[in-house]
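In: Any chance you could fold what I've pasted below:
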Amino acid sequence: MDINGEARVPPSPSSLRQKFILCLPFYYVIIQRDEDHKLYVSPPIMKRFVYINENEAIKDPYCDNRISNRKYTLLNFLPKNLWEQFRRFMNQYFLLIACLQLWPLITPVNPASTWGPLIFIFAVSATKEAWDDYNRYLSDKQANEKEIWVVKDGVRKHIQAQDIHVGDVVWLRENDEVPCDLILIGTSDPQGICYIETSALDGETDLKTRVIPSACVGLASEQLQRIKGVIECPKPDKDIRRFDGNLRLFPPFIDNDLCPLTINNTLLQSCYLRNTEWACGVSVYTGNETKLGMSRGIPEPKLTAVDAMIDKLTGAIFLFQIVVVIVLGFAGNIWKDTEARQQWYVMYPEEGPWYELLIIPLRFELLCSIMIPISIKVSLDLVKSLYAKFIDWDEEMYDRDTNTPSHAANTAISEDLGQVEYILTDKTGTLTENKMLFRRCCINGIFYGNESGDALKDVELLNAVSNNVPDVIRFLTVMALCNTVIPIRSDNGTILYKAQSQDEEALVNAAACLHLVLIGRNGNTLDIKFNTSIIQYEILDILEFTFDRKRMSVVVKDCQNDKILLFSKGADEAIFPHARSGQQIRTSVEAVEQYSQLGLRTLCLGWRELEEDEYREWSRMFKEASSTLVDREWKLAEVCQRLEHDFEILGVTAIEDRLQDGVPETIETLRQAGINFWMLTGDKQNTAIQIALLCNFISSEPKGQLLFINGKTEDEVLRSLERVLLTMRITTTEPKDMAFVVDGWALEIVLKHYREVFTELAILSRTAICCRVTPSQKAQLVELLKSCDYRTLAIGDGGNDVRMIQQADIGVGISGREGLQAARAADYSIGKFRFLKRLILVHGRYSYNRTAFLSQYSFYKSLLICFIQILFSLFSGVSGTSLFNSVSLMAYNVFYTSVPVLTSVLDKDLSEKTVMQHPQILFYCQAGRLLNPSTFAGWFGRSLYHALVVFLVSVHVYANEKCEMEEMSMVALSGCIWLQAFVVALEMNSFTILQHLAIWGNFTAFYAINCIVSALPSAGMYTIMFRLARQPSYWITMTLIVVIGMGPVLALKYFRYTYRSSAINLLQQAERSRSPFFSIGNLESQLKSTEKDAASLSPQPKSRSPVCEPLLADSPTAIRRSIGSSTYDFFQPSQSRLSSSYSRNYKSK
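Out: Predicted coordinates:
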């Protein structure tokens, strides 16, 4: 079979190989005979053949092990980078403008005024890409040239890692990094075990065991160097938790049935060999086809709400520009036809038939092209990178317990943190510490630990163990054996347990505390020490845990009496239905309910003895299912079902997983900020509810009310869903804090058959508790809320949260005990859940405020200079002539107005302490109060007013027969620079030395640059600045422009700050007067007395459907509806209101 999955007859390097291949029954009739007894190739089922140690004989078209994460090469860098940059509409637009300016007949300025900034911006972006790609190249080079031991012609040789091919036998020594994906075939351990560290792959620091396939057991190292065989495996994929393959060795090594391969037989690239002298494996995936290589790639970029709004505003400005160009072009042609003929000195060129339609409109298009700021993307990218660095540098979000700083992996979406409306969170390890402690148990109907709260100190249980009570001993035996825990003996003789599951570690430690100690795991043999006796068990089969089965089982043989036993543990719904008929399990069911009410994690334990014939027949089916490459997981589950029944229920365990510090306070604060919470967990319903109550997800009765969606059939689930929806719609005089609860089974029915009804319920509910859900259901719930146009944040800590995290608008991973897989897949990673409060309220809010100002200011300063150009054109025969020279225009955009505004990244309207104390002010960000069409209209009006002030004052003072046009141009440009400085200073809420230097130092830079240019005779501005600086009228003009331009702005800002104060204004007053902070209640009472028509800070539900009227009065974004009728003014954009038409409706699937 080739790399594309095409079937082919395996090559025949020897007669032995030919004989072997033709007699392979496990090849699923790759070679068959037709009715005429002719051989033919059947459609393939397997994906890839890997021939061990025969690469020279079989030239398969698989890639070598050269790693390449580079995006570019020397040859394609320039065209590829340009292509990527020109995929943006804005860049295409500016390229078109720059090309039009090369036409001398229509360009009003030197083409350098556009080409210069365009080339500069493209060069900055290209340089960044080149630098990143060069660093990737260096990293690849280091990995590719690493020396590796590989078997060649039966001898171990040193080669570079990039020269490894599929089928090579790779030899590793302790602490070596695995260079590619290998199938383990030999180790220094007599039992065929090796230990690996996978922290570089999935972030989990605990050592994992890998075992050699049964076919390779007993082979010496010399035999491993000459081994021959074939491995069948699927095509390369990125699933690091699954590998389904088969192995068969060629004679003389073994001539037996095929040997199934699983993920436990693999050594994946980037893992490290630990605590093992040597190990060897066959390379099956190399280079970028390894599981790690397949998982690499550039994630889909996430579009923030602010970016989406900027794109809409850019489109609106573009349409406005087209209208202006058409109107002015039409007016210019009229003026030319009526007035220009009488003024011979204008010297219009000879016209063609196309002149009136093209020349003047195109000149105005070039003149007005500055309306869309060319520097906005670079400016936003720069400040967003700084936002990310602020998160990385925040010492308040540094977790000292685990030595984990916060980290922003995605630098483009920080402002979205300030607009989060829904948080969907995992429970275990996210809200809790994931430190499992065995607290209580129920064995054969007897409760232990209920009085003391610690079963390990319960005298009755200790006495039962001492008296060898059979049920208790069997219960502890299942706790000690039904797992994959690795006991490791330390230097001082104590035993440490390494487990992939914290629950398993807690159970094994509890059994050890009760004198039944797992002391050794040697291959398939387990040693249990009970008091002074050593009991041996042989592990025959492990039925691994899956989310569908929700249980794990092991088949063991008691070496003392050769009995075959099945031990199982799992969720109550996965164990109790399979209990032996007639067995009384009522007490165990009650125990599960009681422990769940206490918020404890429960596991049910069962066992049964197997007849030898029954096990032999089942083992045959299990091996067949383990060997298939098609639907292996489903077939294994079916086979497991045949064995896991008629359990003798032993009892129930209860494990405590404590809440992390600060979780209830964090959730309460964020709920006050108007953020809704959904808990998505795989735990039992009662456990999830208790944790939700402890976390302040919902108030307890009578203030809170839980509504349950349940049922086993579609009709039952639908009736339950309709009852909950009807209750949610009811409006009462005293609204309750309501939440709905749904389990995974009902959720599956709802999402499949009643999605629209459930979507309506999701819109009405602030809180949801979803229990027994799978990873795919978590992702579906995130997608559902996003379809309602809510801004979602998903947070988790384990591999089962990755899909949810990647699906959300913002993904946050917690660097927890389950590893770093979730943190690496997330946009942001934090050490503890409590840091989420600061991430949203401080970093999210500041980022949104700063981005809203910077983006609108960028449009404002471009519109200002463009409106002055238009006004001048009206006074110059509507000819499209530019008032400003090319150098001034280029410097205005790139330098004069860009540097001061970048200091907005340091601006803080309120102190961090105030923001954390008053989370309700996040409503302003959630409602989009600082960036929306109405606030943009305010900036648009301000730019038009300031353009009128600058132009009219400049014309009135300098438009006379003694003034040159260059002088008036410099006066107007100076007026713009002065206004820019005062606008930035006025909009700043806090100042640092850096901000002062940037704003006021910009004056010095402006005059220094223009003095230098004025000293150059060839620059076209010779002596202009020197002459203006000596004129008192120039400085008086600048003062007039500032006073007239900023006077109304200051007056309206003072009026609003004093007489119509918002909650933010009141908090600012409290901070600056250093008086005691207002409470939110006082803020609302002051608002009612000072601003009757202002929006209340208590949010109201936003209507997304005419049939949905939320019960809750504090829906997070309801402020949008209350502010819809408010008006805006041109001079105070920061306090403008949203238009009532600016609402969002959900998109039903």
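
In: Now the phi/psi pair for residue 88, please.
Out: phi -80, psi 140 (degrees, to the nearest 10).

In: neighbours around it, how many?
Out: Residues lying near residue 88 (other C-beta atoms under 10 Å) number 12. In this view, the C-beta of every residue, glycine as well, is placed from N, C-alpha and C.

In: quick one: pLDDT of the closest residue to it other than its chain neighbours?
Out: Closest residue to residue 88 apart from its sequence neighbours, by C-beta to C-beta, 6 or more residues apart in numbering: residue 377 at 7.6 Å. Note for residue 377: predicted pLDDT of 81.

In: Please apply the same query to residue 341.
Out: pLDDT, residue 341: 59.

In: ok, back up a step: how would you label the residue nearest to residue 88: helix, strand or coil?
Out: Secondary structure for residue 377, judged by DSSP: H, G, I helix; E, B strand; the rest coil, is helix.

In: Contacts only, for it.
Out: Shown in contact with residue 377 (C-beta atoms under 8 Å, 6 or more residues apart in numbering): 88, 90, 121.

In: cool, residue 901 as well?
Out: By C-beta under 8 Å, 6+ apart, the contact list for residue 901 reads 379, 854, 857, 858, 861, 984.

In: Is it located within a helix, as I assumed?
Out: Yes: assignment of residue 901 by three-state DSSP places it within a helix.

In: Just confirm residue 621 contacts residue 642, I think it does.
Out: Yes: judged on C-beta atoms under 8 Å, residue 621 makes contact with residue 642 at a distance of 7.1 Å.

In: Can you tell me which of the contacts of residue 901 has the most neighbours?
Out: Result: residue 861 is most packed of the contacts of residue 901 (other C-beta under 10 Å), 28 neighbours.

In: I'd like the distance between it and residue 156.
Out: Distance check for residue 861 against residue 156: by C-beta to C-beta, to the nearest Å, it reads 68 Å.

In: got it, and residue 275?
Out: In this view, residue 275 and residue 156 are 22 Å apart by C-beta to C-beta.

In: pull the CA atoms of stretch 163-179 into PDB?
Out: Output of stretch 163-179 as PDB, limited to C-alpha atoms (Å, rounded to 0.1, in the frame of the first residue of the first chain):
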ATOM      1  CA  ASP A 163      18.000  10.600   8.100                       C
ATOM      2  CA  ILE A 164      15.700   8.200   9.900                       C
ATOM      3  CA  HIS A 165      13.200   6.400   7.600                       C
ATOM      4  CA  VAL A 166      10.000   4.500   8.200                       C
ATOM      5  CA  GLY A 167      10.900   0.900   9.200                       C
ATOM      6  CA  ASP A 168      14.300   1.800  10.900                       C
ATOM      7  CA  VAL A 169      15.000   0.400  14.300                       C
ATOM      8  CA  VAL A 170      15.900   3.300  16.500                       C
ATOM      9  CA  TRP A 171      18.000   2.700  19.700                       C
ATOM     10  CA  LEU A 172      17.500   5.000  22.700                       C
ATOM     11  CA  ARG A 173      19.300   5.400  25.900                       C
ATOM     12  CA  GLU A 174      18.100   6.900  29.200                       C
ATOM     13  CA  ASN A 175      17.100  10.500  29.000                       C
ATOM     14  CA  ASP A 176      17.200  10.500  25.200                       C
ATOM     15  CA  GLU A 177      14.500  12.400  23.400                       C
ATOM     16  CA  VAL A 178      12.300  10.200  21.000                       C
ATOM     17  CA  PRO A 179      13.100  11.500  17.500                       C
END
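
In: what does stretch 514-522 rub up against?
Out: Taking C-beta under 8 Å, 6+ apart as the rule, stretch 514-522 contacts 191, 456, 461-462, 465, 473, 476-477, 479-481, 485-487, 489, 495, 497, 508, 511-512, 526-531, 534.

In: re the thing from before, which one of the contacts of residue 901 is nearest to residue 213?
Out: Taking C-beta to C-beta as the measure, residue 379 is the one of those closest to residue 213, at 58.1 Å.

In: okay but the closest one is in contact with residue 857, surely?
Out: No: the pair residue 379 / residue 857 is not scored as a contact, 9.4 Å apart, by C-beta under 8 Å.

In: Restricting the selection to alpha carbons, write stretch 574-588 to CSV.
Out: In CSV, the C-alpha atoms belonging to stretch 574-588 read as follows (Å, rounded to 0.1, in the frame of the first residue of the first chain):
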residue,chain,number,x,y,z
ALA,A,574,-22.3,2.1,34.6
ILE,A,575,-22.2,-0.5,37.4
PHE,A,576,-25.6,-0.8,39.1
PRO,A,577,-27.5,-1.8,36.0
HIS,A,578,-25.1,-4.7,35.5
ALA,A,579,-25.5,-6.1,39.0
ARG,A,580,-26.3,-9.7,39.6
SER,A,581,-30.0,-10.3,39.5
GLY,A,582,-31.6,-10.4,42.9
GLN,A,583,-28.8,-8.6,44.7
GLN,A,584,-29.9,-5.9,47.1
ILE,A,585,-28.2,-2.7,46.1
ARG,A,586,-30.5,-0.2,47.7
THR,A,587,-28.1,0.8,50.4
SER,A,588,-25.4,1.4,47.8
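
In: Switch the contacts of residue 377 over to TSV, and while doing so, append pLDDT and distance to residue 765 to every line.
Out: Listed next are the contacts of residue 377 as TSV, based on pLDDT from 0 to 100; distance: C-beta to C-beta, whole Å:
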residue	pLDDT	distance to residue 765
88	71	39
90	72	40
121	76	46
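
In: and which of the residues you listed is nearest to residue 134?
Out: residue 121 (20.6 Å).

In: ok but the closest one is inside a helix, no?
Out: Yes: applying three-state DSSP, one finds residue 121 inside a helix.
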